[in-house]
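S.K.: quick check, what structure comes out for this input:
(2 chains)
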Amino acid sequence: AQTVTQSQPEMSVQEAETVTLSCTYDTSESDYYLFWYKQPPSRQMILVIRQEAYKQQNATENRFSVNFQKAAKSFSLKISDSQLGDAAMYFCAYSSEGAQKLVFGQGTRLTINP
Amino acid sequence: DAGVIQSPRHEVTEMGQEVTLRCKPISGHNSLFWYRQTMMRGLELLIYFNNNVPIDDSGMPEDRFSAKMPNASFSTLKIQPSEPRDSAVYFCASSLVTGGASPLHFGNGTRLTVT
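M.R.: Numbers count the residues shown, from 1 in each chain, chains lettered A, B, ... in the order given. Here you go, the predicted model:
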């Protein structure tokens, strides 16, 4: 079974600086998808960014980018120019090719210091 | 697009009572998921449906839990009888599966407290 590990329960960063959240996963599959979701205090899960394993190019969405290292099974999220509104729990998630369900990591709580 | 709608937002009940959580997926989506979130176990998939048919219910904890999807626009998750250890936030999510990565769209969740 696939597993997703987020080794940083909590992270903090100064406003306007850059922070990187770590995620590793375990799978024997070659085709899969990876996601980062954000859960602010409002509780709703919001998709931040996604990456297809067959793509070598790292995904980017505005201030959010990933560092996808397939051989190392690593999928980190970089947030540039951190803003107060970025404060939230961040979850890394995995989905197999052809499967629809997501397997989530335990989450990283990100605090933004003004 | 109204998003995934869950009700109630909060539910407090006594042990032994029946609890029913409701979900309306995004119109046109063909897959629906029920997740449970707790501090100890994180986000766990309970069950998911594809075209109203249950595909994988291996995450349903025990027979006290049941889920139905009578049509494409409505699903319920029922716990009978409820126990204190069922206290958690229950999320419903939907997606449109067209091949490839299909992001899940989550509702705001139902916080269940069983006393």
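
S.K.: going forward, measure contacts and count neighbours with C-alpha atoms only.
M.R.: Noted.

S.K.: report the central residue of the chain.
M.R.: Defaulting to chain A. Centroid check for chain A by Cα atoms, centre = their mean gives A:Trp36 as the closest residue, at 3.4 Å.

S.K.: um, chain B though
M.R.: B:Trp34 (3.0 Å).

S.K.: surely the residue nearest to the centre of chain A meets A:Tyr94?
M.R.: No: A:Trp36 lies out of contact with A:Tyr94 (Cα atoms under 8 Å); the separation is 9.1 Å.

S.K.: and the residue of chain A that's closest to chain B?
M.R.: In chain A, no residue comes nearer to chain B than A:Gln44, which is 4.6 Å away by Cα to the nearest Cα.

S.K.: from what I can see that residue touches B:Gly107, true?
M.R.: Yes: proximity of A:Gln44 to B:Gly107 meets the contact threshold set by Cα under 8 Å, at 6.3 Å.

S.K.: what count of nearby residues applies to the spatially closest residue to B:Gln80 that is not a sequence neighbour?
M.R.: Among residues not flanking B:Gln80 along the chain, B:Glu18 sits closest, at 4.5 Å (Cα to Cα, 6 or more residues apart in numbering or on different chains). Counted with other Cα atoms under 10 Å in any protein chain shown, residues neighbouring B:Glu18 total 14.

S.K.: which strands or helices does the one helix or strand B:Ser75 maps to pack on?
M.R.: Take DSSP states H and E as the rule and B:Ser75 turns out to sit in strand B:74-79. Judged by 3 or more Cα pairs under 8 Å, 6 or more residues apart in numbering or on different chains; DSSP states H and E, strand B:74-79 is in contact with strand B:19-24, strand B:65-71.

S.K.: please repeat the previous calculation with a cut-off of 10 Å.
M.R.: When contacts are defined as 3 or more Cα pairs under 10 Å, 6 or more residues apart in numbering or on different chains; DSSP states H and E, strand B:74-79 sits against strand B:5-7, strand B:19-24, strand B:31-38, strand B:42-50, strand B:65-71, strand B:88-95.

S.K.: could I get the contacting residues of residue 74?
M.R.: I went with chain A, as the question did not name one. Residues in contact with A:Ser74 (Cα atoms under 10 Å, 6 or more residues apart in numbering or on different chains) are A:Val4, A:Thr5, A:Ser22, A:Cys23, A:Thr24, A:Tyr25, A:Asp26, A:Val66, A:Asn67, A:Phe68.

S.K.: the chain in question should be chain B.
M.R.: B:Phe74 sits in contact with B:Ile5, B:Gln6, B:Arg22, B:Cys23, B:Lys24, B:Pro25, B:Ile26, B:Leu32, B:Asn52, B:Lys68, where contact means Cα under 10 Å, 6+ apart.

S.K.: same thing with B:Ile26?
M.R.: B:Ile26 touches B:1-5, B:32, B:72-74, B:93-96, B:105-107, counting by Cα under 10 Å, 6+ apart.
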